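J.: got a predicted model here, sequence first, then my questions.
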Protein chains: 2
Amino acid sequence: MPAEDGAPTMAPESVSELIERIDAIAPTLPKRLGQSAEFLRHNIHLVAVSTVADLAAGAGVQPSAFMRFCQVLGFSGFSQMQALFRAEYRELRPDYAERLSQLRQSGAEGPGRLAASFAEAGHKSLVSLMNDLDAARLATAARLLASAGTVHLVGLRRAFAIVSYMGYLLDKMKVPAVIHRTSGQIESDHAIRKGDALFAVSFTPFSEETLELAARTRRRKVPVVALSDTVDGPLAATADVLLVAREVDVGAFRVPTAALTLATSLAVAIGQSREKTD
Amino acid sequence: MPAEDGAPTMAPESVSELIERIDAIAPTLPKRLGQSAEFLRHNIHLVAVSTVADLAAGAGVQPSAFMRFCQVLGFSGFSQMQALFRAEYRELRPDYAERLSQLRQSGAEGPGRLAASFAEAGHKSLVSLMNDLDAARLATAARLLASAGTVHLVGLRRAFAIVSYMGYLLDKMKVPAVIHRTSGQIESDHAIRKGDALFAVSFTPFSEETLELAARTRRRKVPVVALSDTVDGPLAATADVLLVAREVDVGAFRVPTAALTLATSLAVAIGQSREKTD
DNA sequence: ACGAATTTGGAAGATTTATTCCATTTTTGT
DNA sequence: ACAAAAATGGAATAAATCTTCCAAATTCGT
């Protein structure tokens, strides 16, 4: 029997698409289906490993109601929806405990294990980045930098990799950007003009040079956006906007995965924002 | 009906206990059960979201054989084993996936969503890095570079962030290291002496300068280790050891998460290896 | 307040999936 | 090389899970 309305509402093809649809239709749903939507929205990770009966019980509805809910979302039934979650899980869910011991027993001792540890730390860093991320603040930072004439970048020691990648991206997107303190130049202040903005990156222990350049720039009423690994550092007072990315360490070392991810997002956001204005 | 032997081999109560048992009995298992063990050991995270038929097919055995394998492990059957994985999955709160898709769809258009996408891409990149990692090759690379007098680093454009971070790490660990092509210097070859080694990073599209420096260095019989995003590129022929890190793109952009993780592992391995020798 | 349309609960039925059984093949010990 | 023991494949059976159906309850429009 064909659907009555012209558009047969195709099934979502990814979890995020599914969530969008839930949020779109939730307000219009009758009581039991609304309960199902509410429960699913907050326990979406259970779908891959539960039965309809379990989920229906969780939502406080009959299995048949939950079933109808799946169909309202565009699926043929619960099984089709579950398949979506299982597929995504298979792709995106490694087992690091397993992978680690696997590498341990596979002869090649040192570096492989190190890589596994750093990869695991990277996952954790990205998780905490997303948990702590203040989207509004990031948007403010992007706006500030996008409206600058030239974006000035500064970051030394471990922060240098971050600004150098940002510099590469901004250049690729034709955004005027300069990386400071790279060529024996001691005093960069004169290059930073009214109407520009500074992006300063510094992690504990902070480098004096970066802090001072940021402070002097701020005093000249040029906007300063900062990226650090703590909210308590000296940059908190100096910067107009302070972004934070914490990394999970492996012994005495770390990979700046979260910081690089955040910086890249910022750079791309700046580029896109400029593109519109041009 | 009680078991015939005195010790009824109780079922494992956690995934790690289960892995231990698999490793313990695997060597004594007959062919088909051995295949099941081998497959499970490498795909253990699939248990929560698969059927016996799927897993049996993956292992290349009949469902009945896989079934017997579960019983050998101490479970009453497959379902009991699967319940273990599902329980562990439920407890290990991936509220992260929820948070991610929340951000991605929550009106907050620009930077927040971008960050969510880049974070997700980062996870995928790290997963595929670990899946494809050749631990033995990484160990060879580390050995080669650790035994060099000076480690020379080269990488331009997007690869520069990688070498600059490696340079920072090696310096911190007191390993003699130099980053090339950073200060207007056109010809670096003379600085690379016999007994040194070169680490070259280049991604598609490859930069001629990096490739040529690597080729010239190799011709002089100085060891070259390379990091790229493909096995087919020009570095395959040039390098003594080629490491590969693929990244998942977001639109036209990427964060070099996997490459940076691999490079960091390599740097730390070099440092540790040197420490022992000193 | 009344009838029509929608929503709901529960149970029956269809389907998928797990489990057992046993004849046949392979391995083991002598 | 032979018999006994163990392992295997495939099909039959049992269990669970999904899905549909419809009478009863509720909501909605007038």
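T.: Now that the structure is in, tell me what you want to look at.
J.: what residues does chain A put near DNA strand C?
T.: Contacts of chain A with DNA strand C, taken as Cβ under 7 Å from any atom of the strand, map to A:30-33, A:61-65, A:68. C-beta here means a position set from N, CA and C on the backbone, and glycine is covered the same way.
J.: filter those to the buried ones?
T.: With burial judged by 16 or more other Cβ atoms under 10 Å in any protein chain shown, the buried subset of the residues of chain A next to DNA strand C is A:32-33, A:61, A:65, A:68.
J.: just checking: which of the residues of chain A next to DNA strand C also lie near DNA strand D?
T.: A:31, A:63-64, A:68.
J.: before we move on, back to that, in helices, which of the buried ones among the residues of chain A next to DNA strand C fall?
T.: Counting by DSSP state H, those place A:32-33, A:65, A:68 in helices.
J.: gap between residue A:159 and residue B:165?
T.: 10 Å (Cβ to Cβ, to the nearest Å).
J.: wait, I meant residue A:137
T.: Per Cβ to Cβ, residue A:137 is found 26 Å from residue B:165.
J.: how's chain A carved up into domains?
T.: A:15-91, A:96-130, A:133-277 (automatic domain parsing).
J.: out of the ones you listed, nearest to residue B:273?
T.: domain A:96-130 (7.5 Å; Cβ to Cβ).
J.: tell me the phi and psi of residue A:17?
T.: Residue A:17 adopts backbone torsions of phi -60, psi -40, taken as degrees, to the nearest 10.
J.: what's the separation between it and residue B:227?
T.: 35 Å.
J.: okay, the two: which has more neighbours?
T.: Using other Cβ atoms under 10 Å in any protein chain shown, the more surrounded residue of residue A:17 and residue B:227 is residue B:227, with 27 against 16.
J.: can you list the buried residues in the particular helix or strand that has residue A:142 in it?
T.: Here residue A:142 sits within helix A:135-146, counting by DSSP states H and E. Neighbour counts over helix A:135-146 (16+ other Cβ under 10 Å) mark A:135, A:137-146 as buried.
J.: could you do stretch A:264-278 as well?
T.: By neighbour count on 16+ other Cβ under 10 Å, the buried set for stretch A:264-278 is A:264-274.
J.: can you narrow these to ones near chain B?
T.: When contact is defined as Cβ under 8 Å from any Cβ of the partner chain, these meet chain B at A:264-266, A:268-269, A:272-273.
J.: now the closest residue to residue A:10 other than its chain neighbours, what's its secondary structure?
T.: Residue nearest to residue A:10 in three dimensions, not counting chain neighbours: residue A:74, with 5.8 Å by Cβ to Cβ, 6 or more residues apart in numbering or on different chains. Following DSSP: H, G, I helix; E, B strand; the rest coil, the label given to residue A:74 is coil.
J.: tally up the residues packed near residue A:74, please.
T.: 18.
J.: please apply the same query to residue A:69.
T.: Using other Cβ under 10 Å, residue A:69 has 28 neighbouring residues.
J.: now do the contacts for it.
T.: By Cβ atoms under 8 Å, 6 or more residues apart in numbering or on different chains, residue A:69 lies in contact with A:29, A:32-33, A:36-37, A:40.
J.: cool, residue A:228 as well?
T.: A:201-204, A:206, A:235, A:242-245.
J.: run the last query once more with 7 Å
T.: A:202-203, A:235, A:242, A:244 (Cβ atoms under 7 Å, 6 or more residues apart in numbering or on different chains).
J.: going by distance to DNA strand D, which of the residues you listed wins?
T.: residue A:244 (41.8 Å; Cβ to the nearest atom of the strand).
J.: show the pLDDT at residue A:203.
T.: As predicted, residue A:203 sits at a pLDDT of 96.
J.: and it, which of the three is it?
T.: coil.
J.: quick one, phi psi at it?
T.: phi -110, psi 160.
J.: ok, the one 10 residues further on next?
T.: Backbone torsions for residue A:213, taken as degrees, to the nearest 10, come to phi -60, psi -40.
J.: how close does it sit to residue A:258?
T.: 24 Å.
J.: looking only at neighbour counts, state which of these two leads.
T.: Applying other Cβ under 10 Å to residue A:213 and residue A:258 shows that residue A:258 carries more neighbours, namely 30 against 25.
J.: distance of that one relative to residue B:87?
T.: Taken as Cβ to Cβ, the span from residue A:258 to residue B:87 is 30 Å.
J.: tell me where the stretch 151-278 of chain A has helices.
T.: Applying DSSP state H, counting those that start in this stretch to the stretch 151-278 of chain A gives helices spanning A:160-172, A:208-219, A:235-238, A:257-277.
J.: for the longest one, the distance to its chain's centre please.
T.: If you compare the mean C-alpha spot of helix A:257-277 with that of the full chain, they lie 11 Å apart, counting by Cα atoms, centre = their mean, to the nearest Å.
J.: quick one, what contacts the closest residue to residue A:151 other than its chain neighbours?
T.: In this structure, residue A:151 finds its nearest non-sequential neighbour in residue A:177, 4.4 Å apart by Cβ to Cβ, 6+ apart. The contact partners of residue A:177, by Cβ under 7 Å, 6+ apart, come to A:150-151, A:153, A:167, A:170-171.
J.: tell me the pLDDT of residue A:177.
T.: For residue A:177, the predicted pLDDT is 95.
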